[in-house]
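Chemist: Give me a model of this one.
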Amino acid sequence: RDRLGRGSGRMRWVVVVGAVWCGGVVALVPPPTEQVARSRTRVWSTTIQKPASPKKSVGDPKGKSQTGGGGNNHELLLFDDPVNTREYVSRILCTKVGLAEVEAYDVMMQAHNNGMAVVGVYQLETAELYCQLMKDSGLSAAVKRAGE
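Modeler: This is a model prediction of the structure:
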(Lines give C-alpha, C1' and ligand atoms only; values in the text may rest on other atoms or scores of the structure.)
Protein backbone atom coordinates (compact mmCIF):
# COMPACT_ATOMS: atom_id res chain seq x y z
CA ARG A 1 0.00 0.00 0.00
CA ASP A 2 1.16 3.54 -0.75
CA ARG A 3 0.89 6.65 1.42
CA LEU A 4 -2.65 7.40 0.24
CA GLY A 5 -3.93 3.96 1.20
CA ARG A 6 -4.23 2.64 -2.34
CA GLY A 7 -2.82 -0.57 -3.70
CA SER A 8 0.63 -0.26 -5.24
CA GLY A 9 -0.23 -2.39 -8.27
CA ARG A 10 -0.77 0.68 -10.51
CA MET A 11 0.75 4.13 -10.59
CA ARG A 12 -1.70 6.95 -10.28
CA TRP A 13 -1.11 10.41 -11.69
CA VAL A 14 -2.51 13.44 -9.95
CA VAL A 15 -2.12 16.95 -11.39
CA VAL A 16 -2.07 19.71 -8.80
CA VAL A 17 -1.73 23.31 -10.05
CA GLY A 18 1.31 22.92 -12.26
CA ALA A 19 2.73 19.83 -10.50
CA VAL A 20 2.33 16.12 -11.19
CA TRP A 21 2.40 13.52 -8.40
CA CYS A 22 3.21 9.96 -9.31
CA GLY A 23 3.84 7.43 -6.54
CA GLY A 24 5.59 9.88 -4.25
CA VAL A 25 7.54 11.75 -6.95
CA VAL A 26 6.53 15.33 -7.73
CA ALA A 27 7.40 16.89 -11.08
CA LEU A 28 6.64 20.47 -12.06
CA VAL A 29 4.67 20.79 -15.28
CA PRO A 30 4.19 24.18 -16.92
CA PRO A 31 0.57 25.00 -17.71
CA PRO A 32 -0.35 24.93 -21.40
CA THR A 33 0.00 28.34 -22.95
CA GLU A 34 -2.85 30.07 -24.71
CA GLN A 35 -0.76 30.41 -27.86
CA VAL A 36 -0.27 26.65 -28.11
CA ALA A 37 -4.01 26.14 -27.84
CA ARG A 38 -4.70 28.82 -30.45
CA SER A 39 -2.05 27.58 -32.89
CA ARG A 40 -3.91 24.30 -33.29
CA THR A 41 -7.17 26.02 -34.20
CA ARG A 42 -5.89 28.91 -36.32
CA VAL A 43 -7.66 29.18 -39.64
CA TRP A 44 -5.97 31.26 -42.29
CA SER A 45 -8.36 33.28 -44.36
CA THR A 46 -8.03 34.74 -47.78
CA THR A 47 -9.47 38.07 -48.74
CA ILE A 48 -10.24 37.21 -52.33
CA GLN A 49 -13.91 37.04 -51.35
CA LYS A 50 -15.40 39.83 -49.31
CA PRO A 51 -15.46 38.99 -45.58
CA ALA A 52 -18.89 38.09 -44.26
CA SER A 53 -19.19 40.64 -41.47
CA PRO A 54 -18.62 44.14 -42.82
CA LYS A 55 -17.26 46.49 -40.19
CA LYS A 56 -17.66 50.23 -40.21
CA SER A 57 -14.35 51.45 -41.51
CA VAL A 58 -12.57 54.48 -40.29
CA GLY A 59 -10.67 56.55 -42.84
CA ASP A 60 -7.53 56.45 -40.73
CA PRO A 61 -7.17 53.03 -39.04
CA LYS A 62 -4.15 53.90 -36.92
CA GLY A 63 -5.16 57.46 -36.04
CA LYS A 64 -2.10 58.91 -37.77
CA SER A 65 -3.85 62.01 -39.12
CA GLN A 66 -4.92 63.00 -35.60
CA THR A 67 -1.34 63.40 -34.37
CA GLY A 68 1.15 66.13 -35.12
CA GLY A 69 0.46 69.09 -37.41
CA GLY A 70 -2.91 67.93 -38.71
CA GLY A 71 -2.89 70.41 -41.62
CA ASN A 72 -0.57 68.38 -43.82
CA ASN A 73 -2.97 65.64 -44.95
CA HIS A 74 -1.87 63.50 -47.85
CA GLU A 75 -3.70 60.76 -49.70
CA LEU A 76 -2.06 57.38 -50.15
CA LEU A 77 -3.05 56.09 -53.59
CA LEU A 78 -3.07 52.50 -54.85
CA PHE A 79 -3.01 51.83 -58.59
CA ASP A 80 -4.24 48.70 -60.33
CA ASP A 81 -1.59 46.57 -61.99
CA PRO A 82 -1.84 43.38 -64.04
CA VAL A 83 1.00 41.66 -62.14
CA ASN A 84 -0.21 41.18 -58.55
CA THR A 85 -3.17 39.04 -57.56
CA ARG A 86 -6.09 40.58 -55.73
CA GLU A 87 -5.42 38.37 -52.71
CA TYR A 88 -1.79 39.52 -52.54
CA VAL A 89 -2.77 43.20 -52.77
CA SER A 90 -5.32 42.75 -49.96
CA ARG A 91 -2.78 40.93 -47.79
CA ILE A 92 -0.19 43.71 -48.25
CA LEU A 93 -2.77 46.35 -47.34
CA CYS A 94 -3.55 44.39 -44.16
CA THR A 95 0.04 43.68 -43.12
CA LYS A 96 1.93 46.79 -44.24
CA VAL A 97 -0.67 49.56 -43.96
CA GLY A 98 -2.70 48.07 -41.12
CA LEU A 99 -6.11 48.03 -42.77
CA ALA A 100 -8.78 45.60 -41.62
CA GLU A 101 -9.63 42.81 -44.07
CA VAL A 102 -12.90 44.49 -45.03
CA GLU A 103 -11.18 47.81 -45.71
CA ALA A 104 -8.36 46.11 -47.62
CA TYR A 105 -10.86 44.24 -49.77
CA ASP A 106 -12.83 47.42 -50.52
CA VAL A 107 -9.71 49.42 -51.43
CA MET A 108 -8.36 46.57 -53.57
CA MET A 109 -11.65 46.21 -55.44
CA GLN A 110 -11.91 49.98 -56.00
CA ALA A 111 -8.40 50.01 -57.47
CA HIS A 112 -9.20 46.93 -59.55
CA ASN A 113 -12.42 48.37 -60.96
CA ASN A 114 -11.47 52.06 -61.28
CA GLY A 115 -7.72 51.85 -61.85
CA MET A 116 -6.97 53.76 -58.65
CA ALA A 117 -8.11 53.90 -55.02
CA VAL A 118 -7.42 56.08 -52.00
CA VAL A 119 -6.02 53.85 -49.24
CA GLY A 120 -6.27 56.56 -46.60
CA VAL A 121 -5.40 60.12 -45.63
CA TYR A 122 -2.27 60.46 -43.51
CA GLN A 123 0.37 62.97 -42.58
CA LEU A 124 3.13 63.27 -45.16
CA GLU A 125 5.73 61.14 -43.34
CA THR A 126 3.26 58.36 -42.61
CA ALA A 127 1.89 58.37 -46.16
CA GLU A 128 5.43 58.22 -47.59
CA LEU A 129 6.34 55.35 -45.27
CA TYR A 130 3.26 53.32 -46.26
CA CYS A 131 3.86 54.17 -49.93
CA GLN A 132 7.44 52.90 -49.72
CA LEU A 133 6.36 49.72 -47.93
CA MET A 134 3.78 49.08 -50.64
CA LYS A 135 6.31 49.73 -53.42
CA ASP A 136 8.84 47.42 -51.74
CA SER A 137 6.14 44.73 -51.83
CA GLY A 138 5.63 45.23 -55.58
CA LEU A 139 2.49 47.37 -55.57
CA SER A 140 1.99 50.58 -57.54
CA ALA A 141 1.42 53.42 -55.07
CA ALA A 142 1.82 57.17 -54.79
CA VAL A 143 1.23 60.03 -52.34
CA LYS A 144 -0.54 63.28 -53.21
CA ARG A 145 -1.76 66.23 -51.19
CA ALA A 146 -5.42 65.84 -50.19
CA GLY A 147 -7.80 67.99 -52.19
CA GLU A 148 -5.62 68.38 -55.30
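
Chemist: From here on, just use CA atoms for contacts and neighbour counts.
Modeler: Will do.

Chemist: mind checking pLDDT for K96?
Modeler: If you check K96, the pLDDT there is 94.

Chemist: Equivalent analysis for L139, please.
Modeler: Note on L139: pLDDT of 95.

Chemist: Now for V119: which residues touch it?
Modeler: By CA atoms under 8 Å, 6 or more residues apart in numbering, V119 lies in contact with 75-78, 107.

Chemist: Restricted to strands, list those.
Modeler: In strands, defined here by DSSP state E, the members of those are 75-78.

Chemist: first to last residue in stretch 133-140, what's the distance?
Modeler: Its start and end residues considered, stretch 133-140 measures 11 Å (CA to CA, to the nearest Å).

Chemist: Counting neighbours, show which residues of that stretch come out buried.
Modeler: Buried positions in stretch 133-140, judged by neighbour count with 16 or more other CA atoms under 10 Å: 133-134, 139-140.

Chemist: Can you redo these as TSV, where the extra columns are distance to T126 and secondary structure?
Modeler: Output for those, formatted as TSV (distance: CA to CA, whole Å; DSSP: H, G, I helix; E, B strand; the rest coil):
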residue	distance to T126	secondary structure
L133	11	helix
M134	12	helix
L139	17	coil
S140	17	strand
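
Chemist: can you pull out the helices in this structure?
Modeler: Counting by DSSP state H, the chain has helices at residues 34-41, 86-92, 101-114, 124-136.

Chemist: which of the ones in strands among the contacts of V119 lies closest to V89?
Modeler: For the ones in strands among the contacts of V119, the closest approach to V89 (CA to CA) belongs to L78, at 9.5 Å.
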